[in-house]
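Trainee: generate coordinates for the sequence data below:
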Amino acid sequence: MSGIFGIPNGPTPPRGQGFDRRRRVLVPTLVTLAGLLFLGSIFTNIWTDRLWYRSVGYGSVFSTMLVTKILLFVALGTLFAALVLVNAFLAWRLRPDVMPTRRDDPAFRYRVALVPIARPVVAVLALVLTLFAGSVSASRWDTFQLWRNGGRFGLRDPHFHKDAGFFVFDFPWLQFVASYLFAVIVLSVLVAAFVHYIFGNIRFGGRGPSLTRGAQIHLLVLVGLGVLIRGFTYWLNRFALAVEPSTLFDGIGYTDANARIPSQNILVVVAIVCAVLFFAGALMRSWILPGISLSLLILTSVLIGGIWPFVMQSFQVKPSEPDKEAPYIARNIAATRHAYDVADAQKRNYSAKTSLTGEELSRTAASRVSSRLLDPTLIAPAFEQLQQVRGYYTMPETLDVDRYRLKKGDEPQDLIIAARELNLAGLQPSQRNWANEHTVYTHGYGVVAARGNMRGPQGSPVWVEKDIPPVGSLKFKVPPRIYFGEFSPLYSIVGQPAGAAPIEVDIPRGDGGGKGDATQNTYNGTGGVPVGGLFAKTLYAFKFAEPNIVLSSRVNKASRILYERHPRDRVKKVAPWLTIDGDTYPAVVDGRVVWIVDGYTTSNHYPYSQHRSLREATDDTLTHGAATVALPTDQVNYIRNSVKAVVDAYDGSVDLYQWDRKDPVLKAWMKVFPGVVQPRTAISQPLLEHLRYPVDLFKVQRDVLREYHVTDAQTFYEGSERWKVPEDPAGTNSSLQPPYYLSISRPGEKGGPYFSLTTVYLPNSRQNLASFVSVNSEATNKDYGKLQILQLPSKTQVGGPSQIANQFSSDQGLKQALLPFSQGSDAVIQRGNLLTLPVGDGLLYVQPVYIKRQAAEGTYPVLQFVAASFGKDVGFGQTLDEALRVALRLERGEVQPTEDDEGGEEPAAGKTTSQYLEEASARYSEAQDALKAGDLSTYQRKIDQMNELIGQAQKALE
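Mentor: Predicted coordinates:
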């Protein structure tokens with residue numbers, strides 16, 4: 001009876017015994033549950049990945065990667081564990097018949113503890129070794145595939161005369177194999193020595209360790225094999241010198257060619273000899289030969305591998321380094337320029353003019369009129385406030401620049417464009433629930449575009465595409481719903497059975513701003529993974545840790561789950577061997593909204609080429625915001641824009657197109673994944689018109705050309721002609737000025753203006769301009785990708801961006817024009833991107849000036865003025881043409897004034913200070929009248945006269 005009331009029947013167990021029993025049950029249970037959860041997580045990730053790849057039509061990519069990883073994991077992981085355990089088994093088999101049994105002997109205590117659990121210990125060791133080696137091997141699946149499928153570059157390195165493909169494709173895998181084998185030997189020696197020790201084959205006494213005959217042979221053979229593998233490593237180290245970074249330049253230098261490589265050759269021979277001596281020592285039962293060989297290897301490594309190169313570098317190379325290293329620097333220059341695809345950059349001396357006549361100004365009208373004025377980094381609030389429509393829509397902080405033909409037969413025009421995407425953060429708190437966030441608010445709608453070279457009457461954008469439903473010149477063949485974009489939610493569940501009422505918010509209408517003020521729609525595309533079955537629901541409930549996926553009635557037999565929705569992420573997943581450009585941009589192609597993504601193939605094993613950090617090379621003002629993603633910190637020394645990718649904004653389909661037909665790295669990956677990358681000929685003409693030169697590739701090339709625009713080895717060594725990228729005058733934290741997409745007419749080229757990507761350089765020690773660099777960015781043009789460097793004379797008077805920014809800030813005319821805005825506390829003056837344009841055989845600086853009111857919520861910057869500088873003169877106006885005429889003191893149809901009459905009216909001499917000040921006040925009043933009338937040329941002239949009169953008054957006072 002007592003047992004019923006909780007009192008145990010029978011004798012009471014000793015204190016702690018019940019707890020121990022429960023612990024013996026609980027611990028295995030918890031371990032089992034943890035293991036099941038771990039395996040379940042792995043299964044969930046693998047299976048949902050399989051479903052995702054099948055949904056986008058890239059199941060072969062998933063299967064190829066998975067099979068390769070599994071084979072490497074099983075084969076090399078099992079081999080690693082087997083080799084180590086075979087050596088442990090050999091050590092056990094070689095145990096003596098009589099083993100020491102002294103209880104004060106540590107070996108005896110280890111043996112007593114381990115022998116009873118030998119099988120579990122061996123099983124755990126095998127599992128750990130297999131997991132460790134298998135995981136490391138599986139992570140090198142890409143290296144393995146490139147080794148199997150890599151081809152030739154058709155270029156031989158100048159020292160070993162091996163094709164560059166050996167260094168890019170074969171060498172990394174051989175390095176891994178060498179490290180793998182050496183790790184096997186090291187662990188085998190350690191495990192075998194431990195087993196020999198605990199079973200008495202190795203004993204420690206007063207004279208040191210003593211080994212049995214079997215243990216001696218076993219360990220000497222293993223060490224001999226390790227020395228042989230070390231010799232293989234010495235052989236590989238010679239090639240490593242051609243691809244590894246160094247202090248002065250990357251690649252083989254004088255000391256490498258004349259000391260380090262010969263020393264590695266000698267060490268290969270010495271390693272072979274030492275291995276033979278280890279094997280001989282095992283046969284002769286002697287430690288003398290192994291000791292001699294080990295001493296020989298260490299001594300040779302120090303003397304030949306270390307001291308010899310050090311002495312040569314210090315006493316032979318350093319005193320005459322420019323002469324000794326010149327041939328090797330030339331190799332580095334040639335290889336680097338080829339590896340970063342800047343070898344064909346056209347460099348021309350450019351003596352930039354600092355003045356223009358009216359006739360010359362008229363001849364450059366086409367270039368000026370097509371030049372972009374709107375700043376994509378400042379105009380975003382105007383896009384959002386005027387075209388956001390509802391709070392649950394958003395646009396990026398930095399907009400994109402693209403080219404469109406607005407009418408048939410028209411020339412392409414620069415447009416500022418943005419997709420109107422979904423922003424769940426814009427919902428009211430009462431609307432934030434699982435059903436709304438994942439089944440109701442599922443997509444954005446349409447794009448917004450404005451002319452890049454025009455301002456509205458009040459400074460607002462001039463729309464080309466606007467509103468919902470869309471109104472404008474970009475014609476859509478299907479409703480432009482955006483289910484896949486840069487701001488899409490983590491996942492959405494869409495789709496309804498036939499006849500069911502739609503629940504997705506679609507086109508907003510009315511002024512209420514709620515769900516009831518919008519039409520509803522049901523997704524009928526092919527994107528996403530079907531989740532109608534219980535198994536799929538359960539998988540995704542675990543994947544996203546959300547039970548509603550199983551429980552909600554809104555997940556039905558017709559439902560599809562959309563995830564991995566960022567275009568960059570989708571491309572990276574279907575092509576994991578690509579490095580993805582940080583700036584993904586939308587385009588309207590053949591009536592559909594798509595995202596265009598640039599993909600790069602890279603390597604860090606191109607011989608003689610200089611390494612660059614992708615993160616450092618692409619870092620600038622834009623990467624500090626949320627619009628442009630910084631590239632990874634990978635060190636590369638070869639890069640190609642090999643793939644153009646397109647992601648459909650409605651169905652999420654991904655198309656990869658071969659862009660660089662000569663890239664051997666891309667060809668290797670096309671062998672690994674046949675049929676994944678479509679040929680370049682498959683690119684349609686409408687899509688081709690919107691492809692552009694990728695910004696991150698240009699940034700990397702810009703970083704390289706800072707030094708490698710120089711092709712003379714002596715000049716390169718001196719470093720006197722090195723350039724630097726200027727800081728962004730409008731940026732913060734000393735960030736670099738980003739490149740800009742502009743339509744320009746480049747000097748020496750016919751036609752145009754052409755859509756181009758541009759940047760400028762400064763000399764290392766000065767702030768004036770060193771050069772202007774541009775690349776043709778029109779994919780339909782035969783000169784696409786052609787780099788042009790306009791190098792200015794060393795004594796040029798053209799200021800750099802910081803100097804021009806100061807010039808704009810201190811210009812009296814512009815300051816006076818902005819005075820009404822700067823005096824009030826409700827307005828902020830924002831200066832846009834400082835653009836550099838080649839105009840009339842000179843260089844023109846242009847900067848938009850925006851005014852933003854702060855008194856009311858929802859204000860946005862409006863383009864108030866355009867400032868321009870040509871030479872030493874500054875002008876401003878409401879158009880670029882007007883600003884340039886003011887800067888050059890030109891009225892329409894007039895010629896440029898000479899230096900004698902450039903200042904306008906000369907104040908009469910012999911007046912008193914008060915008379916000068918009275919005239920200055922009159923000129924100021926006249927200037928204000930001209931400003932109100934919109935006559936900025938007269939305004940600028942009157943302000944200059946006022947300043948001159950004030951100067952005369954100062955002199956009269958003195």
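
Trainee: poorly predicted segments of the stretch 1-150 of the chain, please.
Mentor: Along the stretch 1-150 of the chain, the model assigns pLDDT under 70 to residues 1-25, 100-104.

Trainee: just checking, Gly532 touches Ala558?
Mentor: Yes - assessed by C-beta atoms under 8 Å, Gly532 is found in contact with Ala558 at 6.5 Å. Placement of C-beta: from N, CA and C, glycine included.

Trainee: quick one, which of these two is more surrounded?
Mentor: Under the criterion of other C-beta atoms under 10 Å, the comparison of Gly532 against Ala558 puts Ala558 first, with 17 against 14.

Trainee: so how far is stretch 744-757 from its chain's centroid?
Mentor: 28 Å (C-alpha atoms, centre = their mean, to the nearest Å).

Trainee: so what touches it?
Mentor: 348, 350, 364, 366-367, 370-371, 403, 412, 414, 692-693, 695, 698, 739-743, 758, 774-778, 781, 783, 788, 790, 837-838, 841 (C-beta atoms under 8 Å, 6 or more residues apart in numbering).

Trainee: same check on stretch 204-218?
Mentor: With contacts defined as C-beta under 8 Å, 6+ apart, stretch 204-218 is touched by 87, 90-91, 94, 96, 192, 196, 200-203, 219, 282, 285, 287.

Trainee: whichever of those residues end up buried, select them in PyMOL.
Mentor: Here is the PyMOL selection string for the buried members of these, based on 16 or more other C-beta atoms under 10 Å:
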select buried, resi 87+90+91+94+192+196+200+201+202+203+219+282
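
Trainee: of all the contacts of stretch 204-218, which comes closest to Leu656?
Mentor: Asn87 (47.1 Å; C-beta to C-beta).

Trainee: buried ones among the contacts of stretch 744-757?
Mentor: 350, 364, 367, 370-371, 403, 412, 414, 692-693, 695, 698, 739-743, 758, 774-778, 788, 790, 837-838.

Trainee: all helices of the stretch 451-600 of the chain, in order?
Mentor: 534-543, 548-551, 567-574 (DSSP state H, counting those that start in this stretch).

Trainee: buried sites along the second one?
Mentor: If you call a residue buried by 16+ other C-beta under 10 Å, then helix 548-551 has these buried ones: Asn548, Ile549.

Trainee: what's the answer for the first one, then?
Mentor: Of all the residues in helix 534-543, those buried under the rule 16+ other C-beta under 10 Å are Ala536, Lys537, Leu539, Tyr540, Ala541, Phe542, Lys543.

Trainee: and that helix, what does it pack against?
Mentor: Counting contacts by 3 or more C-beta pairs under 8 Å, 6 or more residues apart in numbering; DSSP states H and E, helix 534-543 is packed against helix 17-55, strand 529-530, helix 548-551.

Trainee: and it with helix 17-55, angle?
Mentor: Taking axes from the mean of the first three to the mean of the last three C-alpha atoms, to 10 degrees, one finds helix 534-543 and helix 17-55 inclined to each other by 110 degrees.

Trainee: quick one: average confidence on helix 534-543?
Mentor: If you average the pLDDT over helix 534-543, you get 95.

Trainee: again, but for the second one
Mentor: Confidence over helix 548-551 (mean pLDDT, whole number) is 95.

Trainee: who are the packing partners of it?
Mentor: Right, helix 548-551 is packed against helix 534-543 by 3+ C-beta pairs under 8 Å, 6+ apart.

Trainee: just the CA trace of the helix it packs on, in PDB.
Mentor: Output of helix 534-543 as PDB, limited to C-alpha atoms (Å, rounded to 0.1, in the frame of the first residue of the first chain):
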ATOM      1  CA  LEU A 534       2.500  18.000 -45.000                       C
ATOM      2  CA  PHE A 535       6.100  16.900 -45.400                       C
ATOM      3  CA  ALA A 536       7.100  20.100 -47.200                       C
ATOM      4  CA  LYS A 537       5.300  22.200 -44.600                       C
ATOM      5  CA  THR A 538       7.100  20.500 -41.800                       C
ATOM      6  CA  LEU A 539      10.400  20.900 -43.400                       C
ATOM      7  CA  TYR A 540      10.000  24.700 -43.800                       C
ATOM      8  CA  ALA A 541       8.400  25.000 -40.400                       C
ATOM      9  CA  PHE A 542      11.700  23.700 -39.000                       C
ATOM     10  CA  LYS A 543      13.800  25.700 -41.500                       C
END
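
Trainee: tell me where the stretch 351-500 of the chain has strands.
Mentor: 393-394, 400-404, 413-419, 421-422, 444-445, 447-451, 463-466, 471-472, 481-482, 491-494 (DSSP state E, counting those that start in this stretch).

Trainee: tell me the strands beside the third one, with direction?
Mentor: Which is strand 413-419. Using DSSP bridges, the strands paired with strand 413-419 in its sheet are strand 400-404 (antiparallel), strand 447-451 (antiparallel).

Trainee: the first one now?
Mentor: The strands beside strand 393-394 in its sheet (DSSP bridges) come out as strand 421-422 (antiparallel).

Trainee: now the partner strand, how far from the chain's geometric center?
Mentor: The answer for strand 421-422 is 24 Å, by C-alpha atoms, centre = their mean.

Trainee: do stretch 340-347 as well
Mentor: On C-alpha atoms, centre = their mean, the centre of stretch 340-347 falls 22 Å from the chain's centre.

Trainee: stretch 408-417 now?
Mentor: Computed by C-alpha atoms, centre = their mean, the chain-centroid distance of stretch 408-417 equals 29 Å.

Trainee: pipe the strands paired with strand 413-419 into TSV and attach mean pLDDT and distance to Leu174 per row.
Mentor: Converted to TSV, these look like this (pLDDT from 0 to 100; distance: least, C-beta to C-beta, whole Å):
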stretch	mean pLDDT	distance to Leu174
strand 400-404	93	44
strand 447-451	95	50
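
Trainee: what about the ones you listed, which gets the closest to Gly675?
Mentor: strand 400-404 (29.9 Å).

Trainee: that closest one: how far from the chain's middle?
Mentor: Counting by C-alpha atoms, centre = their mean, strand 400-404 comes out at 21 Å from the chain centroid.

Trainee: so what touches that strand?
Mentor: Counting by C-beta under 8 Å, 6+ apart, 372, 376, 412-418, 449, 452, 464, 473-474, 583, 585-588, 689-690, 692, 741, 743, 755, 778 sit against strand 400-404.

Trainee: just the C-alphas of it, formatted as CSV.
Mentor: In CSV, the C-alpha atoms belonging to strand 400-404 read as follows (Å, rounded to 0.1, in the frame of the first residue of the first chain):
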residue,chain,number,x,y,z
ASP,A,400,20.7,53.3,-60.1
VAL,A,401,21.7,54.9,-63.5
ASP,A,402,20.7,53.2,-66.7
ARG,A,403,20.1,54.1,-70.4
TYR,A,404,16.8,53.9,-72.2
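
Trainee: that older thread, redo the helices of the stretch 451-600 of the chain as a markdown table? Include distance to Val874.
Mentor: Below are those laid out as a markdown table (distance: least, C-beta to C-beta, whole Å):
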| stretch | distance to Val874 |
| --- | --- |
| helix 534-543 | 59 |
| helix 548-551 | 62 |
| helix 567-574 | 41 |
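
Trainee: so which of the ones you listed is nearest Asp826?
Mentor: helix 567-574 (39.6 Å).

Trainee: tell me the angle of the closest one relative to helix 17-55?
Mentor: 100 degrees.

Trainee: which strands and helices sit next to helix 567-574?
Mentor: helix 17-55, strand 579-580, strand 592-603, strand 638-648, strand 654-658.

Trainee: coming back round to it: among the contacts of stretch 744-757, name the ones in strands.
Mentor: 348, 403, 414, 740-743, 758, 774-776, 788, 790, 837-838 (DSSP state E).

Trainee: just these now: which is nearest Ala81?
Mentor: Val775 (52.7 Å).

Trainee: the closest one against Pro694, yeah?
Mentor: No - under the criterion of C-beta under 8 Å, Val775 makes no contact with Pro694, lying 10.0 Å away.
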